[in-house]
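In: Would you be able to build a 3D model of this:
(one chain, ligands or ions: 2)
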Amino acid sequence: MYRIVNREVLAPAISLIEIKAPLVAGKAKAGQFVILRLWEGGERIPLTIADFDRERGTITCVFQEVGKTTRQLGTLEAGDKLKDFAGPLGLPSRIQNFGSVVCIGGGVGVAPVYPIARALKDAGNEVTGIIGARNRELLFWEDRMQAACTRLLVATDDGSYGHHGFVTDLLREVIGEKKELDLCIAIGPLPMMRAVSNLTREYGLKTVVSLNSIMVDGTGMCGCCRVTVGGETKFTCVDGPEFDGHLVDFEEMARRSVIYKPMEQLALELYLGETGHRCSCGRGGGK
Ligand SMILES: Cc1cc2nc3c(=O)[nH]c(=O)nc-3n(C[C@H](O)[C@H](O)[C@H](O)COP(=O)(O)OP(=O)(O)OC[C@H]3O[C@@H](n4cnc5c(N)ncnc54)[C@H](O)[C@@H]3O)c2cc1C
Ligand code: FES
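Out: Residues are numbered from 1 along each chain as shown. Ligands and ions are numbered 1, 2, ... in the order given. So this is what the prediction gives:
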């Protein structure tokens, strides 16, 4: 069993959990993820390693309550235990001194991009961070990103904080003002990563995205997380999760990401019907 040592609500429906898992923490690197199960018979869900502390032997994950299992996770508190916590999984981010790098986090994607930005800055890069959310209330870890980046730009869709608009607007400005960008890393919702990749393709700026395809085993055996990259079949869990954004078939990925929607919806409705609505997402009660 894996004990939750800390739980913080960062924004409506977005929480941080810190889990005691010394073996995972001992090997974790930026860009990797874990697969956890809440209890015996529970669904396996992948979450990115947002931070790790080798001395405390803990892993930090940030999750958004979107369906049944993440809402169940949202009901757990410090002191509660998870049944399984497998990792670190996936390939770590490539960290070296590229020169000048832009790290973009959209929505809950701010959490996975944070350790990558920090590692890139530690490796000597000049790191421009761009973070965005739908509104100010949903924005988190601005302070951590400030510390991890050489400079940080913020956007909200509704203009309630920072630039009024999308992270891609800010990226276009950064590209315009700085001719010598060496790498762009973008993590967030699929449409955001696709928009970033389309923009940087115009400028020939190498772009890495972290894909969140649906996973089951996380070890390359089930084929569930299959994606097409540069015309080749890849498994996100073992070949990724990071890939060249200019080569990813986002169209296919978007289609595959909704294939279980009816089952997910049914599972959520049954869960809400059984329990009322006890999670921290603030969306009210009942079915
Ligand atoms: C490598 C990787 C890292 C991820 N990191 C994070 C993270 O740091 N924070 C975070 O909030 N979310 C992360 N996700 C997404 C997270 O796994 C899903 O939100 C979660 O599985 C949803 O489960 P659910 O039962 O609550 O929702 P459901 O209602 O079952 O699904 C809601 C949506 O979540 C996605 N999803 C569902 N099941 C899975 C699955 N087994 N694997 C992947 N996606 C699924 C689908 O797009 C689905 O439409 C990551 C996914 C991957 C693949
Ligand atoms: S999750 Fe099964 S092959 Fe990747």
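
In: Just the terminal-to-terminal distance for stretch 182-194.
Out: With CA to CA, to the nearest Å as the measure, the ends of stretch 182-194 fall 19 Å from one another.

In: avg pLDDT for it?
Out: Summarised as a single mean, pLDDT over stretch 182-194 is 96.

In: Over to stretch 250-264?
Out: Averaging pLDDT residue by residue across stretch 250-264 gives 85.

In: Show the contacting residues for the residue in the stretch 1-150 of the chain that ligand 1 sits nearest to.
Out: With CB to the nearest ligand atom as the measure, G67 is the residue of the stretch 1-150 of the chain nearest to ligand 1, at 2.0 Å. Every residue, glycine included, has its C-beta placed from N, CA and C. Residues counted as contacts of G67 (CB atoms under 8 Å, 6 or more residues apart in numbering) are E264, A267, L268.

In: Ok, G57 next?
Out: When contacts are counted by CB under 8 Å, 6+ apart, G57 is found next to K20, A21, P22, A25, G26.

In: What about those, which are in strands?
Out: Taking DSSP state E as the definition of strands, the contacts of G57 contribute K20.

In: Is it possible to get CSV of the contacts of G57 that adds distance to Q72, neighbour count and pLDDT?
Out: Putting the contacts of G57 into CSV (distance: CB to CB, whole Å; neighbours: other CB atoms under 10 Å; pLDDT from 0 to 100) gives the following:
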residue, distance to Q72, neighbour count, pLDDT
K20, 20, 19, 97
A21, 19, 23, 97
P22, 25, 13, 97
A25, 24, 22, 97
G26, 28, 11, 96
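
In: packing partners for the worst-scoring helix or strand of the chain on mean pLDDT?
Out: Ranking every helix and strand in the chain by mean pLDDT, DSSP states H and E puts helix 261-275 at the bottom, with a mean of 80. The elements that helix 261-275 packs onto, with contact taken as 3 or more CB pairs under 8 Å, 6 or more residues apart in numbering; DSSP states H and E, are helix 68-73.

In: For the next helix or strand after the helix it packs on, which strands pair with it and how are they oriented?
Out: If you walk from helix 68-73 toward the C-terminus, the next helix or strand you reach (DSSP states H and E) is strand 81-82. Within its sheet, and counting by DSSP bridges, strand 81-82 is paired with strand 2-11 (antiparallel).

In: in the strand it pairs with, what's buried?
Out: Y2, I4, V5, R7, L10, A11 (16 or more other CB atoms under 10 Å).

In: Also stretch 180-192?
Out: Of the residues in stretch 180-192, those scored as buried under the neighbour-count criterion (16+ other CB under 10 Å) are L181, L183, C184, I185, A186, I187, G188, L190, M192.
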